[in-house]
Each structure stands twice: as structure tokens, then as C-alpha cells.
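> Pasting the sequence and the predicted model now:
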Amino acid sequence: GLFDGRDHHDFGNHRAADVDTRSRPGSHRRRDRCGGDGGFARERFVFLGRLPIFRSRRGYRLPSIHDGDDDRRCRRVFLCVASLVCDLKEETVATGFKEMAESIFLAGLRRVDSRELIDRVLTVEGDRLEVQTDSQSITLDLSRYDRILVAAVGKAASRMSLGLHDLLGLRISKGLVVTKEGHLEKLPFQFEVVFGSHPVPDASSVAAAEKLVRLCTDAGPRDLVIGLISGGGSSLAALPVEGITLPEKQAVTRRLLASGASITEINSVRKRISKIKGGRLLEAIQPADSLNLILSDVAGDDLRVIASGMTVPHLEGPPPSIRLLHNVIVGSNQHALAAAAEKARSLGFETVIATEPIVGEAREAAHAILQSAAATRDRSRPACYLAGGETTVTIRGAGKGGRNQEMALAALLEVPPDVMFLSASTDGGDGPTDAAGAFASSEILERARQLGLDPREYLDKNDSYSFFEAVGGHLKTGPTNTNVCDLQIVLMR
């Protein structure tokens, strides 16, 4: 027999059987529809994961009903697939739920693609530049300017710069992109790229800030400086005020990050020990005009908090006497949530979006989100609950993780059997890790038990990354070159 006398129940053991696919007499010139031929040397029937395939010296291929004239061969393949479907019925449901949660997250991510956002809000017709959002309408006459300079700062700086170049092209005289390593696009020749450090500034952040100030200071009264500002800018470009050293600034930042303080509280301190935050960058920009396109990574979209409000005068003292100033939010967490909700509905979920941003301690937010999701649930059909914002983590242990992984780990302690929970960062990096976030479900919890892992123990150590790496619960997107806080997705069967 084709499988050496073994029946189809052996297929689940992932063993292989030799298969002779050499053509029979009279058929040596036949070529099958998969590109094989009668001289296709000896093949071996193996499994790729749990998928049956054929392997030979020519490579791998799926089984085909045109493999020779032996009906038994096809029959065995179909029996194998039928057995596979039966064995994996429950696993497929769980995997499908996980994949749907990820697809909903990615739909939200696509909506806040920073290059596309620039294209949505800006139009250029001749010398006329128009900025149009739901709340602002601005028109600039580009013929008034000798030069257009671009000052881009943040994790989305490079992709926002690409979007602006798509529209303005050679009208851009020069630009500076200050971003985090790994968050880079291939940029046109006008742009210089420098890297800063995140989330704690270092000497590279100071060098980047000095370059940024020089670019802006070079602008004259007939120049337009377009700022492209996104989250991460507070650390990527850092210039301590007189009397504060870089090591002191670093120590303050580390203590704030470990304390559980909100981003509003952290940036309130940052701007007071900086020469360029709290609107102070405008002192370098004047007498040029200033148009700033801002991607919000802050719950509530407070311009004073995003990248510590570099172009938003609000600190004590007289504001800079700048002739023209526009600060425009081009994208936010709400845009991502709206797109995620649209995707969830297209998948058949009754969908609800949280009315308030998610803030506070990540582990406490996990409980609140699950409770709110349960309260909105209609058990007559699948449901999806969406939330967004930025939580905090008070570090008590010596582990590794981020606020989204911490939230997912806390959710794992109480997630119901028919629920899939996902929390992930839209910038692709949750804390100092390579994961965007993590999933929580009863299947993941069962996997942890099989491995002898106690989620509460890992939570106490703030070691969410190690836990999810062990159980395979991470979502890893890589750097996305956008940044609009985090998304939480709860799917309920």
C-alpha cells in the first residue's frame, strides 16, 4: 500500500511514508498540472506543521488529484485532510478568534498610517496649500515663501516626511528627521536623518535637538517651517535647560517612568527642564511662519502634552512673537478605533467602542475593560468591545515588559473561556521590547498551566514579556512608523 499498510489515523503522528511517483509505462511523457512530470524522482509524503505535502529533490508541493493514476493515493490524501479537520475543530475556532482580533487591530493601524494621514489632510493646487481636518481649515499661499524647511520629530517622523514629500516634492528645500532607530523609511535627498534615544534621552538625543534648533534658527522671514511631530519626541530630542545636566535629566526620566505617572504628568516635568519643549522651539523658528502637523499619542489629544508641546506656547512668561502659527492634529487614537470597529462589524461582531480613554494602572484597566465588555454583551451574537488610550505600570519587580503586555497578563487571570483579549501599541513597541502587545484567552492560560507557568507570579515580577514569549502569546508587528496610543480588543463568542 501507499503508506506501508498504516491506516489514516497515523497521519496525526506527523510521520512520513515513502511514495513512488515515477510514471508507469506509457505515461513517462505526462506533465501534471502542478508542474511535475513522469520523471519526478522518488517523493516523500511529509507534514509541514499539520499540512500534508510531498517532498523531493525538486522541493515541496501540495498533493494533487493529478498525481499518477492511483485512486488510492487521492483517497488517502482526502482521508488525511478529513481527519485533520476533525482533530483541529476546537483549535481552529480558537486560532480564528485570535486571527480576527489581530486583523481588527491591523485595520485600525492601517487607518493611522502616518504617510496616508498627511495625504488625507493636505492638498496642493498650484501655489495653494490646504489643510483640512474635521475641526480646522487652513490655506497657505506657497508663493510667499522662498524656502520650505521640514522639522520632523518622533517615531512617525520618517513616514510623515514621506507623506509630505509626496505632495510638495522639490518645493522642500531641506528637512531634518529625528526618530528612533528601526523607525526609518527610505527618504529623498533633501532629508537628513538623526537618531535619538527612547524612552530615556542620551547624548544622541542632545545632538539631535541641537541639529533641530540649528535648522529652525536658519529660517528667515520668507521661510515656512513645517513641523511633523509625533510621540516619542520628548526623549528623542532633548536639550536640558541651564543648571540641569544630562545625567540629572536621565535620572528624573527613569524615576518618572517607573513611578506609574501618566504621560501628562511626565511631560509636565520634561518641558520645565528643556530648552525646546513647552513651546520654546518657536523661539528658534521665528521670524519664519510655522505649520505643525501633529500625530497624537496622548489620550484626549492635548497639544500641550504631545511630544511635550514643542510648538505650543503655554508655559509661564511671554509667548514667542511668531507671525503665523498653526498646530493641527492629523491623526489620533479615535481614528484607529473607528477603523477597527468597521472591521469588526464586517466580520459579524456587534461592536461597541468605549466612551472614555483608557488610563491608569494597566492591570487595573484590564479588569475594567473586561467588566465593561461583559456589560455590553448581547449573547445572541458574537460581540466586540474596543477601547484605546495609554495606561501606566508601577514597576515593583525586575522583569521585562510593557503596559500592554502587563494588561494582557492581568486579563489572563480572569478572562472567560469564550473571550479573546488583545492589548497592543500602535507604534509596534510595547515598553523596551520587540512586541507590540499580547493576547489573553483560556487557551493561552491552559498552555501556561501545561508549561508550569503561574501568570500571577510573572505579574508580580513585572515580567510579562518572558511569560508571553514562553506561551506564544505575543503580537509582534515590528516598528510601524506611526503612534496613536494603544488599542484593546475584546472578542466574545
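Looks like it came in fine. Keep in mind that what you see is a predicted model, and the values were worked out from it rather than measured.

> for the stretch 351-493 of the chain, what are the low-confidence residue spans?
Residue ranges of the stretch 351-493 of the chain with pLDDT under 70: none are present.

> ranges for the helices of it?
362-375, 403-412, 442-450, 455-460, 464-471 (DSSP state H, counting those that start in this stretch).

> right, and the ones you listed - which one's nearest Ile148?
Proximity to Ile148, assessed across the helices of the stretch 351-493 of the chain by C-beta to C-beta, is greatest for helix 403-412 (37.5 Å). The way it works is simple: take the backbone N, C-alpha and C, and place the C-beta from them, glycine included.

> Does anything pack onto the closest one? Which helices or strands?
Contact partners of helix 403-412 among helices and strands, from 3 or more C-beta pairs under 8 Å, 6 or more residues apart in numbering; DSSP states H and E: helix 362-375, strand 419-425, strand 437-440, helix 442-450, helix 455-460, helix 464-471, strand 486-492.

> Put the alpha carbons of that helix into PDB.
What follows is helix 403-412, C-alpha atoms only, in PDB (Å, rounded to 0.1, in the frame of the first residue of the first chain):
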ATOM      1  CA  ARG A 403       2.000  48.300  29.600                       C
ATOM      2  CA  ASN A 404       0.100  46.300  27.000                       C
ATOM      3  CA  GLN A 405       1.700  43.000  28.000                       C
ATOM      4  CA  GLU A 406       1.100  43.800  31.600                       C
ATOM      5  CA  MET A 407      -2.500  44.500  30.900                       C
ATOM      6  CA  ALA A 408      -2.900  41.200  28.900                       C
ATOM      7  CA  LEU A 409      -1.300  39.200  31.700                       C
ATOM      8  CA  ALA A 410      -3.600  40.700  34.300                       C
ATOM      9  CA  ALA A 411      -6.600  40.000  31.900                       C
ATOM     10  CA  LEU A 412      -5.400  36.300  31.700                       C
END
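
> so how far is Gly232 from Leu184?
13 Å (C-beta to C-beta, to the nearest Å).

> And the two? Which one has more around it.
Gly232 (25 against 16; other C-beta atoms under 10 Å).

> Where does the prediction get shaky in the stretch 51-200 of the chain?
51-95.

> And the helices in it?
71-87, 89-111, 114-121, 157-168.

> burial of Val206, as a residue count?
18.

> Specify the beta-bridge partners of Tyr385.
Val352, Val490 (DSSP bridges).

> residues contacting it?
Tyr385 makes contact with Thr351, Val352, Ala354, Ile369, Ser372, Ala373, Thr376, Arg377, Ile489, Val490, Met492 under the criterion C-beta atoms under 8 Å, 6 or more residues apart in numbering.

> Please report how far Val419 lies from Pro432.
29 Å.

> The helices of the stretch 351-493 of the chain: which one's closest to Val150?
helix 403-412 (31.4 Å).

> picking that back up, most packed of the helices of the stretch 351-493 of the chain?
helix 403-412 (a mean of 30; mean count of other C-beta atoms under 10 Å).

> got the angle for it vs strand 486-492?
20 degrees (axes from the mean of the first three to the mean of the last three C-alpha atoms, to 10 degrees).

> ok and helix 403-412 relative to helix 442-450, angle-wise?
80 degrees.

> How far off centre is helix 403-412?
16 Å (C-alpha atoms, centre = their mean, to the nearest Å).

> Also stretch 372-387?
On C-alpha atoms, centre = their mean, the centre of stretch 372-387 falls 24 Å from the chain's centre.

> now do stretch 364-384
For stretch 364-384 - counting by C-alpha atoms, centre = their mean - the centre lies 23 Å from the chain centre.

> got the contact list for it?
104, 341, 344, 348-352, 354, 358-359, 385, 387, 389, 391, 407-408, 410-411, 414-416, 419, 421, 423, 440, 488-493.

> try 7 Å
344, 348-352, 354, 358, 385, 387, 391, 407, 410-411, 414-415, 488-493 (C-beta atoms under 7 Å, 6 or more residues apart in numbering).

> May I have it as PDB, with CA atoms only?
This file holds the C-alpha atoms of stretch 364-384, laid out as PDB (Å, rounded to 0.1, in the frame of the first residue of the first chain):
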ATOM      1  CA  GLU A 364      -6.500  47.600  36.900                       C
ATOM      2  CA  ALA A 365      -7.500  48.700  33.400                       C
ATOM      3  CA  ALA A 366      -7.600  45.100  32.300                       C
ATOM      4  CA  HIS A 367     -10.300  44.300  34.900                       C
ATOM      5  CA  ALA A 368     -12.300  47.400  34.000                       C
ATOM      6  CA  ILE A 369     -12.200  46.600  30.300                       C
ATOM      7  CA  LEU A 370     -13.400  43.000  30.800                       C
ATOM      8  CA  GLN A 371     -16.200  44.200  33.000                       C
ATOM      9  CA  SER A 372     -17.300  46.900  30.600                       C
ATOM     10  CA  ALA A 373     -17.200  44.400  27.700                       C
ATOM     11  CA  ALA A 374     -19.300  41.900  29.600                       C
ATOM     12  CA  ALA A 375     -21.900  44.600  30.400                       C
ATOM     13  CA  THR A 376     -22.300  45.500  26.700                       C
ATOM     14  CA  ARG A 377     -22.600  41.900  25.600                       C
ATOM     15  CA  ASP A 378     -25.600  40.500  23.700                       C
ATOM     16  CA  ARG A 379     -25.200  36.700  23.900                       C
ATOM     17  CA  SER A 380     -27.400  36.200  20.800                       C
ATOM     18  CA  ARG A 381     -24.500  37.000  18.500                       C
ATOM     19  CA  PRO A 382     -20.700  37.500  18.600                       C
ATOM     20  CA  ALA A 383     -19.600  40.800  20.200                       C
ATOM     21  CA  CYS A 384     -16.600  43.000  20.100                       C
END
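
> ok so, going back, which among the contacts of stretch 364-384 end up buried?
344, 349-352, 354, 358, 385, 387, 391, 407, 410-411, 415, 488-492 (16 or more other C-beta atoms under 10 Å).

> Keeping just the C-alphas, turn stretch 277-290 into CSV.
What follows is stretch 277-290, C-alpha atoms only, in CSV (Å, rounded to 0.1, in the frame of the first residue of the first chain):
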residue,chain,number,x,y,z
LYS,A,277,9.6,71.9,24.9
GLY,A,278,6.6,73.8,26.2
GLY,A,279,6.6,76.0,23.0
ARG,A,280,10.2,77.0,23.3
LEU,A,281,11.1,75.6,19.9
LEU,A,282,9.2,78.6,18.5
GLU,A,283,11.9,80.9,19.7
ALA,A,284,14.2,79.3,17.2
ILE,A,285,11.6,79.2,14.4
GLN,A,286,10.7,82.9,14.5
PRO,A,287,10.6,85.1,12.3
ALA,A,288,9.5,82.3,9.9
ASP,A,289,6.0,81.0,9.7
SER,A,290,5.1,77.7,11.5
